[in-house]
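Trainee: sequence and predicted structure, then a few things I'm wondering about:
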Amino acid sequence: MMKMRGLFLAGCLVAIGGCSAPDATEAPPKTGIANPASEFCVQQGGRVEIRDGANGQTGFCHLPDGKVIEEWEYFRANQPPAES
């Protein structure tokens with residue numbers, strides 16, 4: 001009888017323990033490589049805007065002087081020529 005009572009109590013504890021809420025864990029931060037054109041825009045004091053278009057997404061750089069230019073076009077136009 002005591003053995004049966006002990007097994008019942010152990011079973012209840014296991015059942016109650018299984019009903020507890022799981023620990024709240026945060027999703028791991030996403031890691032990736034920054035877009036060089038976007039980074040360059042921001043370094044020059046600009047603000048990046050991503051627009052959805054028929055061919056996907058395109059980034060635009062809003063410059064401090066009010067000009068808006070496609071970020072890769074701006075990046076390429078302001079990079080020194082590659083050495084050969």
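Mentor: Structure's in. What do you need?
Trainee: what about this protein, any weak spots by pLDDT?
Mentor: 1-24, 27-30, 84 (pLDDT under 70).
Trainee: mind listing the strands for it?
Mentor: Assigned by DSSP state E, the chain shows strands spanning 47-53, 56-62, 68-70.
Trainee: Gln43: neighbour count?
Mentor: Using other CB atoms under 10 Å, the number of residues around Gln43 comes to 8. The way it works is simple: take the backbone N, C-alpha and C, and place the C-beta from them, glycine included.
Trainee: ok, the nearest residue to Thr58 once chain neighbours are set aside to Gly59 distance?
Mentor: By the measure of CB to CB, 6 or more residues apart in numbering, the closest residue to Thr58 outside its immediate chain neighbours is Arg51, 5.4 Å from it. Computed as CB to CB, to the nearest Å, the Arg51 to Gly59 distance reads 8 Å.
Trainee: who has more neighbours out of those two?
Mentor: Per other CB under 10 Å, whichever of Arg51 and Gly59 has more neighbours is Gly59, with 17 against 10.
Trainee: that one is in contact with Glu49, isn't it?
Mentor: Yes. At 7.2 Å, Gly59 counts as touching Glu49 under the criterion of CB atoms under 8 Å.
Trainee: sorry, back to before: wait, isn't the residue nearest to Thr58 in contact with Val68?
Mentor: No. Judged on CB under 8 Å, Arg51 makes no contact with Val68 at a distance of 10.3 Å.
Trainee: distance of Ala77 from Thr58?
Mentor: For Ala77 relative to Thr58 (CB to CB), the value is 16 Å.
Trainee: and those two? Which one has more around it.
Mentor: Taking neighbours as other CB under 10 Å, Ala77 and Thr58 compare with Thr58 leading, 13 against 8.
Trainee: give the residues shared as contacts by Arg51 and Val68.
Mentor: By CB atoms under 8 Å, 6 or more residues apart in numbering, Arg51 and Val68 have these common neighbours: Phe60.
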